[in-house]
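Q: All I have is the shape, not the residue letters:
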Ligand code: COA
């Protein structure tokens, strides 16, 4: 039986922390769906299509995992997981501060779709301080985002966010 996992997020934009989770999770499942959604409380800087293109480019360039698919989802994650026939939702944890929110989300998703487990993966310590907001703030102000985002998409991110 094919084991499918979903790695959901806003990915606004993808960071090296996200890519690290994608790489590691893709080795644990037959199929990994990177699900690009919108967090209702955030106003994204990149369109969904732009975010999908950045993820596809970085994944193809860096890890060449043929079992990774990138898809957009709307509505509830639990419904999307059901539609995709997923067994598991992967979430990355950077610090204890992520835990309370993610714990609540995992319980809500479990109550909405009891067939799907949430699996937490510890973010690589090298990226524990990275966030998409930090990347955006640095890039908008002309700072150096080397090492924070995949090299293959660095210029695309700067082009979008840094206009001189
Ligand atoms: N490395 C680096 N950064 C990471 C990371 C990692 N491994 N893991 C998480 N982050 C950061 C992200 O960069 C992001 O940073 P930001 O706040 O600066 O943008 C932050 O952690 C949150 O992650 P994000 O990917 O944006 O996820 P989210 O918590 O905003 O959730 C959805 C986005 C789409 C998955 C979520 O809103 C959702 O499930 N929506 C559907 C509706 C639903 O079903 N809700 C639940 C029931 S109410």
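A: Nice, I can see it. These figures come from a predicted structure and were not determined experimentally.

Q: what's next to the lengthiest helix in the chain, contact-wise?
A: Longest helix in the chain, counting residues (DSSP state H): helix 96-112. With contacts defined as C-beta atoms under 8 Å, 6 or more residues apart in numbering, helix 96-112 is touched by 76-79, 81, 89, 91-93, 116-118, 120. No exception for glycine: its C-beta is placed from N, CA and C like everyone else's.

Q: How about that helix and the ligand, any contact?
A: Yes. Judged by C-beta under 6 Å from any ligand atom, helix 96-112 comes into contact with the ligand through 105, 108.

Q: Okay, buried residues for that helix please.
A: For helix 96-112, a neighbour-count test (16 or more other C-beta atoms under 10 Å) marks 98, 106, 109 as buried.

Q: Same question for stretch 42-53.
A: For stretch 42-53, a neighbour-count test (16+ other C-beta under 10 Å) marks 44-46, 48, 50-52 as buried.

Q: Determine how far the last residue of it lies from the first.
A: Taking C-alpha to C-alpha, to the nearest Å, stretch 42-53 runs 20 Å from one end to the other.

Q: Mind telling me which residue of this structure is nearest the ligand?
A: residue 17 (1.9 Å; C-beta to the nearest ligand atom).

Q: pretty sure that residue is touching residue 127, no?
A: Yes. With contact defined as C-beta atoms under 8 Å, residue 17 counts as touching residue 127 (3.6 Å).

Q: Now list whatever residues contact both of these two.
A: Residues touching both residue 17 and residue 127 (C-beta under 8 Å, 6+ apart) are residue 94.
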